[in-house]
Every structure is written in C-alpha cells, then in structure tokens.
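Enquirer: using only what follows, build the 3D model:
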Amino acid sequence: MRVALIHYWLTKMRGGERVLEAFARMFPDADIYTHVYDRSQTSDLLAQHQVQTTFISKFPFAKTQYQKLLPFMPRALEELDLSQYDLVISSESGPAKGVIPNPNAFHLCYCHSPMRYIWDLYPQYHSSAGRLSKLAFPGIAHRLRTWDVTSAARVDQFVANSNFVARRIEKYYRRPSEVIHPPINVSEFAPDPSWPLEDFYLVAGELVRYKRFDIVVDAFTRLGKPLVVMGDGEDLEFLKKRAGPNVRFVGRVPFGELKRLFATCKALVFAGEEDFGMIPVEVMASGRPVIAFAQGGSLDTVKPGVTGVLVKEQSVDAFCDAVEQFDPQSLSSDAIIEHASSFSTEVFEAKIRTLLAQNGLDITQTESR
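Expert: Numbering: from 1, shown residues only. The predicted model follows:
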C-alpha cells in the first residue's frame, strides 16, 4: 500500500504537525506533500520522509508570507499527481483536502477545523485586516468557500479532532465525521515526585488575541493571586501593560522547565475557545487540574469535578469567581492522570487503524519508526 500525507504547510511544530508526526510514525514509508516546507523549523521525524512541495513554495518569501498566497493554493493542490497512492490522508485546517486522488484510492481527512478565516472567524479576520486586504479578501473568501465545500465531496471519510469541530464539519460541509482526539504523548509529562506543588496558577500557549489570555491576566490582576504566563506571541506587550505585579511572564521555556511548570502549578487557566486544545491535556497528564471556558474542545477534555472546572461565561468576573471557589486539594492527581491517558498516542493510532479497517484497509502490519 502506498500512502501520501497531505499537510497545509510545514513551517513550525504546533498541534497539527504533532498529528502529522503520528501519521508519519504509523506509515514510515509515506510521502508528505505540503505547500511550503521549512526544514529548520520542523522535526527530524518528518524529515525522514520524502517531503514534496506544491508550486506555492516557488514564490518569493513563501516560507514567511505563505498565508498571502492562499488564493493560489486550491489550484496548487489539484495539480499534485497522486495517481500512484492507495491511501491519501489529508491534515486540514488550511487548504489540504482539495487534492485529487485516483478513483480507487481512499481519502481520509483528519480535520483540525474547517478554515476558520473564511467561515466562523471571517468577521474578526476581516475587521483586523489592513486596508488593501479588506478590499480584496471578501472576493477571495467567497471563491474559497465555494471551492472548500466542493472539495469536501472528494473526501471518503472525515475525522474531526473534537465534537466541536465535528459540528462545524456538519454545518459547513454537510458531512458526518468520526471524532478521534489528537495524540498526546502523555508519558512525556509524568510528574517528578520530587517536585512539590507551588503557589501559582499557569496560563500557557501562543500569546494571540483569540486565545483570550487578556481575560486570565485581568482576572488575576484583580485577584492578586500569583500567575505565571508561559509563551510568546504578538500579544506579549499588550498583556504586560495590563498585568499587575503578581503576574510573571517567563516566555518560551525549555521542555524540562515546561514539564516542571505543568506539574507544580495549582491549575492551568484556559479562557480560549479552542478546536481541541492540547495544552490542557498535557497539564492533566502532569497531574494538575484545568479551569477552562466551557466551549470548544474543553468540553471533550475537561471532566468537571474530576480533572477541573468548566466556566460557563468567557469573562473576567466568571473566571475570578471560578478561581476563588476552586479547591485544587479536592481533586486526585492520579485520577487526573488516568483521564489524560485516554488521549494517548497509542489510543489515537488504535482508533485510526480501526477506522481504516472498517473501510476495508487492513494496516495491522504497519510498523512504527
């Protein structure tokens, strides 16, 4: 069986790329196709595969300005020759699923999300765009939506990374999907028994506006409780200006320090509405609870009363109340870790294998790297 893995772009190692790594381990001989590939920013595991790019990579500054080349990506995908592959797996949150496999091939699309900048988040992206982009993007987005829905018909099986995304696939593509949560290497986050619990709460991730770090910073500035902000991004200075002296920014940290922060915080505070959200699961794998906004992927990952608290309102007042009422001693670290294990890489691979087998593709003999 010849396998092709299609990914939107390979310029950083984020959640979508970790899922691609899982597929790469499952299919060690698979070829990878993507619009843009920056070897220096991607993992050695992915580099072991044959990585081929579309004509998008030939544009000047494509590695840094690829998102501005979005209008050309549908044609770039359709020009790929995938006629020799038996199984095509597309990794979708940017344009990836629109390839044209041969008629006998099976096309599985693992959908992190339909493209949010042309669907549910279009008003926000349009309002924050520059003057020229505001003029051009409505027409581009209109054509992309038409192509996006049309190309959904080329997929044999959709897999959603959460129930939240499954509802969006149904809404925009009118297609059912199987929910298989992304793989988390939970064993990497096992807490060190020598690390004592410390007196701080944690917020972590890429510091961008839609993740609503401002709600958490404002809430803790009001409460005066210790908060550690881990991560970097375009909103760093914006957040620093509104933070009180009890809020400490540590930026990007080495993995060993990340593990320690995850395992010693009182709780992770997560105010964004994510498609899935890997960091809450990683913190739970470290034995610590999560206080999360009750929307998006948090509804799949946070188990109230067992692994944390779900906050019904995305506001400073609601998060202040939740933190004030939260008692981290009331939850069992062992129960939290056990819950996190249900999102392991092994569980992910088993579910993908089962789903493919149900569609007539037996890959039980496939060995991981």
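
Enquirer: please report how far residue 180 lies from residue 321.
Expert: 34 Å (C-beta to C-beta, to the nearest Å). Bear in mind the C-beta positions are built from the backbone N, C-alpha and C, glycine included.

Enquirer: low-scoring stretches of the stretch 251-369 of the chain, by residue?
Expert: The model of the stretch 251-369 of the chain has pLDDT under 70 over residues 364-369.

Enquirer: show me where it has helices.
Expert: For the stretch 251-369 of the chain, the helices defined by DSSP state H, counting those that start in this stretch cover 255-264, 278-285, 298-301, 316-325, 333-340, 345-358.

Enquirer: ranking the ones you listed by burial, who's on top?
Expert: Of all those, helix 278-285 carries the top mean neighbour count, a mean of 26, counting by mean count of other C-beta atoms under 10 Å.

Enquirer: packing partners of that helix?
Expert: Counting contacts by 3 or more C-beta pairs under 8 Å, 6 or more residues apart in numbering; DSSP states H and E, helix 278-285 packs against strand 201-204, strand 268-270, strand 290-293, helix 298-301, helix 333-340.

Enquirer: isn't residue 339 up against residue 305?
Expert: No - the pair residue 339 / residue 305 is not scored as a contact, 11.3 Å apart, by C-beta atoms under 8 Å.

Enquirer: now do the shared contacts for the two.
Expert: Counting by C-beta atoms under 8 Å, 6 or more residues apart in numbering, no residue touches both residue 339 and residue 305.

Enquirer: can you say which of the helices of the stretch 251-369 of the chain is nearest to residue 62?
Expert: helix 278-285 (27.1 Å; C-beta to C-beta).

Enquirer: okay, angle between the closest one and helix 255-264 too, please.
Expert: 70 degrees (axes from the mean of the first three to the mean of the last three C-alpha atoms, to 10 degrees).

Enquirer: for helix 278-285, list the C-alpha coordinates in CSV.
Expert: Coordinates of each C-alpha in helix 278-285 appear next as CSV, following Å, rounded to 0.1, in the frame of the first residue of the first chain:
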residue,chain,number,x,y,z
MET,A,278,-3.5,20.1,23.6
ILE,A,279,-2.0,22.0,26.5
PRO,A,280,-4.9,21.2,28.9
VAL,A,281,-4.4,17.5,28.3
GLU,A,282,-0.6,17.8,28.8
VAL,A,283,-1.2,19.6,32.1
MET,A,284,-3.6,16.9,33.1
ALA,A,285,-1.0,14.3,32.2
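
Enquirer: what lies in contact with that helix?
Expert: Under the contact criterion C-beta under 8 Å, 6+ apart, helix 278-285 has outside partners 15, 18, 182, 184, 186-190, 202, 204-205, 262, 265, 268, 270, 289-290, 292, 298, 301-302, 307-308, 336-337, 339-341, 343.

Enquirer: report the beta-bridge partner residues of the closest residue to residue 53 other than its chain neighbours.
Expert: Closest residue to residue 53 apart from its sequence neighbours, by C-beta to C-beta, 6 or more residues apart in numbering: residue 37 at 5.3 Å. For residue 37, the beta-bridge partners under DSSP bridges are residue 10.

Enquirer: from what I can see residue 37 touches residue 10, true?
Expert: Yes - contact criterion C-beta under 8 Å: residue 37 and residue 10 qualify, at 4.7 Å.

Enquirer: shared neighbours, these two?
Expert: Contact with both residue 37 and residue 10 is made by residues residue 51, according to C-beta under 8 Å, 6+ apart.

Enquirer: that older thread, nearest to residue 151, out of the helices and strands packed on helix 278-285?
Expert: Closest among the helices and strands packed on helix 278-285, using C-beta to C-beta: helix 298-301, at 26.4 Å.
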